[in-house]
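Student: Sequence first, predicted coordinates after that:
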Amino acid sequence: MTSTPEYVGDALGVLLLDGFPARYNIAPTQPILVVISGDRQQPGSNLPDRRAFLVRWGFTPSWVKDPKEFPLLINARAETAIGKASFRAAMRHRRILIPASGFYEWHRPSKESGEKSQAYWIRPRRGGVIAFAGLMETWSSADGSEVDTGAILTTAANAAMRPIHDRMPVVIQPEDFARWLDCKTQEPREVADLMAPVQEDFFEAIPVSDQVNKVANMGPDLQTPVAIEPVKKPSKKSDPDDGQLSFF
């Protein structure tokens, strides 16, 4: 998230009272900004009925007794979130938008290919802020303390993203913000069509260094493009001519 609070607020139709610094490497368990439908519109404001706050990136269902014994759910598969026990209640009551400037993804080829793993900085081709579809849940401990948690919904990658990874975040378009956030009149099945891969030309993928893999690295140089080394294929040894034909 590298945009200013003013820009993010305008893009998502929400008033952000507090500023925040640019963040170039947000990791699971860290705070992320989310937007939800509010209780009522603020007097004298022409903004939609929405509010923003921070949640922990890593979803914890309310019925979990000990989060330390529960896997960290940073993503939720859009294809199964409606019916899965972990996300069913959140899909019905707590759908959110998660603003971002882009995301990182790794292409991890098979060992047989001879390729190295490569990190990509994936951002909207036209710039600006995007809104991932997300879910949130407030987990309460036995002592009464509460933690707001969230996860990003993912879907099958479109053709442009598939060479890098087979999954991608669900992107909600501005014209669909209100419908996605409306958990009072829009049941999960009625917003299922929004959880589809974004159009092919929406993102551009920029190869970057493997420094993004370290949480301690947080500077803007993480998004500096790098050249991709060509794949070095093993040299083929010529077989002796045994007088027989070969198909290859």
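Tutor: Structure's in. What do you need? Numbering: from 1, shown residues only.
Student: for whichever strand or helix holds Ile152, what is the average pLDDT?
Tutor: Using DSSP states H and E, Ile152 sits in strand 146-156. Mean pLDDT, computed over strand 146-156, is 97.
Student: so what's Arg92 up against?
Tutor: Cys183, Glu187, Pro188 (Cβ atoms under 8 Å, 6 or more residues apart in numbering). Where C-beta positions appear, they are placed from N, C-alpha and C, glycine not excepted.
Student: Could you say which helix or strand holds it?
Tutor: Element membership for Arg92 (DSSP H and E) is helix 88-93.
Student: Could you do Trp139 as well?
Tutor: In the assignment (DSSP H and E), Trp139 maps to strand 130-140.
Student: Convert the longest helix along the chain to PDB, retaining C-alpha atoms only.
Tutor: Selection of the longest helix in the chain by residue count, based on DSSP state H, yields helix 5-12. Output of helix 5-12 as PDB, limited to C-alpha atoms (Å, rounded to 0.1, in the frame of the first residue of the first chain):
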ATOM      1  CA  PRO A   5      -4.700   8.200   2.700                       C
ATOM      2  CA  GLU A   6      -6.500  10.900   0.700                       C
ATOM      3  CA  TYR A   7      -6.200   9.000  -2.500                       C
ATOM      4  CA  VAL A   8      -7.200   5.700  -0.900                       C
ATOM      5  CA  GLY A   9     -10.200   7.400   0.800                       C
ATOM      6  CA  ASP A  10     -11.400   8.900  -2.500                       C
ATOM      7  CA  ALA A  11     -11.000   5.600  -4.400                       C
ATOM      8  CA  LEU A  12     -13.000   3.600  -1.900                       C
END
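Student: Only alpha carbons, please: show stretch 95-109 as PDB.
Tutor: Output of stretch 95-109 as PDB, limited to C-alpha atoms (Å, rounded to 0.1, in the frame of the first residue of the first chain):
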ATOM      1  CA  ARG A  95     -17.600  -9.000   3.500                       C
ATOM      2  CA  ILE A  96     -14.900  -6.300   3.200                       C
ATOM      3  CA  LEU A  97     -12.700  -4.500   0.700                       C
ATOM      4  CA  ILE A  98      -9.000  -4.500   1.100                       C
ATOM      5  CA  PRO A  99      -7.300  -1.600  -0.700                       C
ATOM      6  CA  ALA A 100      -3.800  -2.200  -2.200                       C
ATOM      7  CA  SER A 101      -1.400  -0.700  -4.700                       C
ATOM      8  CA  GLY A 102      -0.600  -4.200  -5.900                       C
ATOM      9  CA  PHE A 103       0.800  -7.500  -4.700                       C
ATOM     10  CA  TYR A 104       3.800  -9.800  -5.000                       C
ATOM     11  CA  GLU A 105       3.600 -13.300  -6.400                       C
ATOM     12  CA  TRP A 106       6.200 -16.000  -7.000                       C
ATOM     13  CA  HIS A 107       6.600 -18.200 -10.000                       C
ATOM     14  CA  ARG A 108       8.000 -21.400  -8.800                       C
ATOM     15  CA  PRO A 109       8.800 -23.700 -11.700                       C
END
